[in-house]
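Q: predicted model and sequence follow; I will ask about them next.
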Amino acid sequence: MRVDWWTIALQTVNFAILVWLLNRFLYKPVLRMIDARRAEIDHQYADARAMEDKARSQLAQLESERAGIAAEREAALKSATEQAQEAAQARLAKADSDAKALLEATRKRLSAERQQALEQARHVAIELGSEFAQKLLAEVPVQVRAEAWLDRIDHYLRNMPANERDKLIHQLDGHAALVVVTATPLPQPTTQAWQKRLLEILGKGVAIRFESDAQLVAGAELRFPTAVLHFSWRNALAALRTKAETDGKPG
């Protein structure tokens, strides 16, 4: 297969443009969104601190009232003094308990909202990145894309442990066929090149059938009778989404 250097150069330029577009229209807007959310959370923290100060002021007022009760205790009867002191302590304990409960609830709510905002930002970044990448990939000739994926598959099969590769080949004994599924249909010359490379690794007697599935987005899957080797973007994007969801869950 002849390498078209002009095509490779144009794709290099396209990739550079993609990186610039991602930086300008994806990365920076996402950062601004996160900064805005962080500012909102900081504002809510400030409100929480104000409420804490108010609670402390109330506690200080209660302490002052308690001091007044102590002064009155000297002139009042012992029984009346004891009742007043108990009432003041109860009010102080309740105010302290209410203030702590309010602060804890506020902290939990703000932490949950911050985590949710970060998770949403991750999902937006993944989806927008995938969309930009697909548009750029659509401009690359099928032969160039297929050659890159074939090289990756070839390297993987040749470097996997011999016993694991033998198990896969053993599945193709008899009438079983290896199904090669690509995101887009391959031209006949490309199909022949793929078949030749795969037969060199798996053996001349292996039956190979080619199919296409647009849901793979890009890349290919090698479907053996009881195993599937994934080399597609669908699998990679699913892994990214799963990681984002896992990272977004509270520890």
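A: The structure has been received and is ready for your questions.

Q: got the domain ranges for this structure?
A: 5-138, 142-232 (automatic domain parsing).

Q: of those domains, which shows the lowest average pLDDT?
A: Per-stretch mean pLDDT for those is lowest at domain 5-138 (a mean of 73).

Q: chain center to that one: distance?
A: 22 Å (CA atoms, centre = their mean, to the nearest Å).

Q: pick the most buried one from the domains of the chain.
A: Across the domains of the chain, the average number of neighbours (mean count of other CB atoms under 10 Å) peaks for domain 142-232, which reaches a mean of 15. To be clear about C-beta, it is placed using only N, CA and C from the backbone, and glycine gets the same treatment.

Q: now it, how far from the centre of its chain.
A: 29 Å.

Q: tell me the phi and psi of Glu221?
A: Backbone geometry at Glu221, expressed as degrees, to the nearest 10, gives phi -130, psi 140.

Q: typo on my end, Arg209
A: Torsion angles, degrees, to the nearest 10, at Arg209: phi -120, psi 140.

Q: these two touch, right, it and Ala176?
A: No: using CB atoms under 8 Å as the test, Arg209 is too far from Ala176 to be in contact (10.5 Å).

Q: just the element for Val180, please.
A: strand 177-182 (DSSP states H and E).

Q: ok, Phe210 touching Thr184?
A: No: counting by CB under 8 Å, Phe210 stays clear of Thr184, with 11.3 Å between them.

Q: chain neighbours aside, what residue packs nearest to Ala220?
A: Nearest non-adjacent residue to Ala220, counting by CB to CB, 6 or more residues apart in numbering: Thr182, 4.6 Å away.

Q: if I pick the one you found, what's in contact with it?
A: Shown in contact with Thr182 (CB atoms under 8 Å, 6 or more residues apart in numbering): Ala146, Trp149, Phe210, Glu211, Ser212, Asp213, Leu216, Gly219, Ala220.

Q: so what pairs up with it in the strands?
A: Ser212, Ala220 (DSSP bridges).

Q: any idea how far Glu221 lies from Ser64?
A: Glu221 sits 75 Å away from Ser64, going by CB to CB, to the nearest Å.

Q: ok, now Lys28?
A: Counting by CB to CB - Lys28 and Ser64 are separated by 53 Å.

Q: for Leu150, same thing?
A: 82 Å.

Q: and what of His170?
A: Counting by CB to CB, the gap from His170 to Ser64 is 86 Å.

Q: phi and psi next, for Phe224.
A: Note on Phe224: backbone dihedrals following degrees, to the nearest 10 are phi -90, psi 170.

Q: do you know how far it is from Val179?
A: 8 Å.

Q: enumerate every residue touching Ala9.
A: Ala9 makes contact with no residue, according to CB under 8 Å, 6+ apart.

Q: and it, that's in a helix?
A: Yes: assessed by DSSP: H, G, I helix; E, B strand; the rest coil, Ala9 belongs to a helix.

Q: packing partners for the helix or strand harbouring Glu72?
A: According to DSSP H and E, Glu72 maps onto helix 28-73. Counting contacts by 3 or more CB pairs under 8 Å, 6 or more residues apart in numbering; DSSP states H and E, helix 28-73 is packed against helix 78-138.
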